[in-house]
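Asks: coords please:
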Amino acid sequence: MESNFQRLFEAARAEHKPFAEPWQAQAFAMTLTLHAAGHFTWQEWADALSEELVAADAQSNDVDKIYHGAWLRTLEQMCTSKALVGMDELMQRKQDWDRAARATEHGKPIELNRDQAG
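Replies: I've put the predicted structure just below:
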């Protein structure tokens, strides 16, 4: 039986759009920016992402969901472990985005207004 981890790498080799959603590209860009600023090495990133991917392997059959979810969780973990953002601030921002998403009409872009941010 093929694992989700194997399907992930097969999908990466296949020709497809690298980012299905804008947040995925934004998480990727944030990671590159934080690395370029010296907040972590590529080896640290690769080790943390690998651990997250192994943990996520059995959670879903959706390869994109596994990979991009693992990427985001790794980014959050790296930011909190390096004290780039506090856990309380991270959780507040997630709540702010969730509230904004629920208040946004279907098909419209979700916007986090400055007055909404906690």
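Asks: which element follows the lowest-mean-pLDDT helix or strand in the chain toward the C-terminus?
Replies: Here the helix or strand of the chain ranked lowest by mean pLDDT, DSSP states H and E is helix 4-13, holding a mean of 66. Sequence-wise, the next helix or strand downstream of helix 4-13 (DSSP states H and E) is helix 22-36.
Asks: Run the chain-centre distance for that following helix.
Replies: Its chain's average C-alpha position is 9 Å from that of helix 22-36, according to Cα atoms, centre = their mean, to the nearest Å.
Asks: Remind me what that helix packs against, helices and strands.
Replies: helix 42-56, helix 63-81 (3 or more Cβ pairs under 8 Å, 6 or more residues apart in numbering; DSSP states H and E). Placement of C-beta: from N, CA and C, glycine included.
Asks: please redo it, this time with the cut-off set to 6 Å
Replies: helix 63-81 (3 or more Cβ pairs under 6 Å, 6 or more residues apart in numbering; DSSP states H and E).
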